[in-house]
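K.L.:
Curious how this folds, go ahead:
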Amino acid sequence: MSLIVQKYGGSSVADAESIKRVAKRIVETRKAGNEVVVVVSAMGDTTDELVDLANQVTPLAAGRELDMLLTAGERISMALLAMAIKSLGQEARSYTGSQAGLITDAKHGSARIVDVSPTRVRAALDAGAIAIVAGFQGFNRGTGDITTLGRGGSDTTAVALAAALNADVCEIYTDVDGVFTADPRVVPAARKIDRITSEEMLELAAAGAKVLYIRAVEYARRHGVTLHVRSSFNNNEGTLVVNPKDGESVEEPIISGVASDLSEAKITIVGVPDVPGKAAQIFTIVASTDANIDMIVQNVSTAATGLTDISFTLPKSDGGTVLKALEDNKAVAGFDSLQYDDQIGKLALVGAGMRTNAGVSAKLFTALFEAGINIEMISTSEIRISVVTRADTINEAVRVVHSAFGLDGDEEAQVYGGTGR
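P.N.:
Below is the predicted model of the structure:
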């Protein structure tokens, strides 16, 4: 008997008919002789609607109360799904994140999992029941409060439970057939990837690929959980995200995929004294805001002035806080001025085969040049090249780069609904 953890996103349980279709799939998995744990997101756009409702009441909702509100969406989904499964003749028990033993730190809105004690989930499985767990949520032992995990929280919940229960596989169900060489909403000719390493998937997720969130991929890689990304709208095989063991040979294409991200902004600090310690001082100020920095570029110092400029990208949601922190410490840091740009887009080219193939950078830059797309920043890792361009050119950039590297397929990729979650 295999233990399978399945996660269904909001578009997969968007309405009553969708919930009944998902329930049927879950029951089929159980009847095939498997133990089944299901993690479910809120229905459709419920979470966004609850956030809008909170904003109508007050623009400054307390984190604790906002978490109490937002976790209601997943509780609705889990109860309805358990009802649907029971109507098909199978026993199902639904649990909130706290009931399922998801222990987190105390940071409301973006809590991190610190422990998983799935005692009640294991007991349900031992009794022959299907366990349904509300994703995106947990609780803090110190405060006793409910917390939410932030973006991708349901994916992370599923992976954490799979690791704690020693599951054979964690299946992530969404509204596309798996992981594609690009977002099929942007590149209709994108091809499905049958098998990808967790290393490559981590880079794609970090670069904006929305089919899996980076926290879930990180957790899976760290704990050796095999992910299987599939569509909840059909029985196609999907994409396996694997963790190759030491010495194991995995076929590595030169390029696995192209990802894009429009959620970042760029801050440029103008006139920074080019002396030791200034960068450390500046990024200590930035770190005090808890903002996540992505790409960093420092210009060559101007000999006549001894000053340089430092640019970095960060989530737009952190932009205002970081700007204020820097402005408040302007005299201490000694820079001249700040520039803020939220009309940028990031493109990333990912492939483990880059390690042993020359000419990838040249082909990327040539493709963008021929399309008349200007590059503002460049960053690289061993298996990734990222560039920043204008936001209004990013989709075209993805399409031309995708074609330049021969990633286009013969058929149009199918998207079944929703936004990819």
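K.L.:
show me where the stretch 51-200 of the chain has helices.
P.N.:
Ranges of helices in the stretch 51-200 of the chain, per DSSP state H, counting those that start in this stretch, are 63-87, 119-126, 153-164, 198-206.
K.L.:
For the first one, name the packing helices and strands.
P.N.:
When you say that, I think you mean helix 63-87. When contacts are defined as 3 or more CB pairs under 8 Å, 6 or more residues apart in numbering; DSSP states H and E, helix 63-87 sits against helix 16-31, strand 35-40, helix 46-57, strand 92-95, strand 130-134, strand 137-139, strand 146-148. Quick note: C-beta positions are derived from backbone N, CA and C, even for glycine.
K.L.:
Could you do the last one as well?
P.N.:
Contact partners of helix 198-206 among helices and strands, from 3+ CB pairs under 8 Å, 6+ apart: helix 214-223, strand 239-242, strand 257-261, strand 344-350.
K.L.:
quick revisit: dump the helices and strands packed on helix 63-87 into JSON lines; add distance to residue 362 and mean neighbour count as well.
P.N.:
Formatted as JSON lines, those follow (distance: least, CB to CB, whole Å; neighbours: other CB atoms under 10 Å):
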{"stretch": "helix 16-31", "distance to residue 362": "46", "mean neighbour count": "18"}
{"stretch": "strand 35-40", "distance to residue 362": "44", "mean neighbour count": "29"}
{"stretch": "helix 46-57", "distance to residue 362": "42", "mean neighbour count": "14"}
{"stretch": "strand 92-95", "distance to residue 362": "53", "mean neighbour count": "22"}
{"stretch": "strand 130-134", "distance to residue 362": "48", "mean neighbour count": "29"}
{"stretch": "strand 137-139", "distance to residue 362": "47", "mean neighbour count": "27"}
{"stretch": "strand 146-148", "distance to residue 362": "45", "mean neighbour count": "26"}
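K.L.:
Quick one: closest of the ones you listed to residue 244.
P.N.:
With CB to CB as the measure, strand 35-40 is the member of the helices and strands packed on helix 63-87 nearest residue 244 (25.6 Å).
K.L.:
okay, the closest one in PDB with CA atoms only?
P.N.:
Taking Å, rounded to 0.1, in the frame of the first residue of the first chain, the C-alpha atoms of strand 35-40 are listed here in PDB:
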ATOM      1  CA  GLU A  35      -3.700   5.600   1.700                       C
ATOM      2  CA  VAL A  36      -4.600   9.100   0.800                       C
ATOM      3  CA  VAL A  37      -4.100  12.500   2.500                       C
ATOM      4  CA  VAL A  38      -5.500  15.500   0.700                       C
ATOM      5  CA  VAL A  39      -4.500  19.200   1.100                       C
ATOM      6  CA  VAL A  40      -7.000  21.700  -0.300                       C
END
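K.L.:
Pull up the pairing partners for it, direction included.
P.N.:
On the basis of DSSP bridges, the sheet neighbours of strand 35-40 come out as strand 3-8 (parallel), strand 130-134 (parallel).
K.L.:
which one of the helices of the stretch 51-200 of the chain has the lowest average pLDDT?
P.N.:
Among the helices of the stretch 51-200 of the chain, helix 198-206 has the lowest mean pLDDT, at a mean of 90.
K.L.:
what's the angle from that helix to strand 257-261?
P.N.:
Helix 198-206 and strand 257-261 are oriented at 30 degrees to each other (axes from the mean of the first three to the mean of the last three CA atoms, to 10 degrees).
K.L.:
Contacts only, for the residue sitting nearest the centre point of the chain.
P.N.:
Centroid-nearest residue in the chain, with CA atoms, centre = their mean: residue 213, separated by 1.7 Å. Contact analysis of residue 213 by CB atoms under 8 Å, 6 or more residues apart in numbering lists 151, 152, 155, 156, 205.
K.L.:
Name the nearest residue to the second one, ignoring sequence neighbours.
P.N.:
On the basis of CB to CB, 6 or more residues apart in numbering, the spatially nearest residue to residue 152 that is not a chain neighbour turns out to be residue 213, at 2.5 Å.
K.L.:
The one you found and residue 123, how far apart?
P.N.:
Look at residue 213 and residue 123: by CB to CB, to the nearest Å, they are 29 Å apart.
K.L.:
now residue 82
P.N.:
Going from residue 82 to residue 123 by CB to CB gives 16 Å.
K.L.:
Repeat that for residue 52.
P.N.:
Applying CB to CB to residue 52 and residue 123 gives a distance of 38 Å.
K.L.:
what does residue 154 give?
P.N.:
For residue 154 relative to residue 123 (CB to CB), the value is 22 Å.
K.L.:
Which one's more surrounded, these two?
P.N.:
Between residue 154 and residue 123, counting by other CB atoms under 10 Å, residue 154 is the more crowded of the two (30 against 12).
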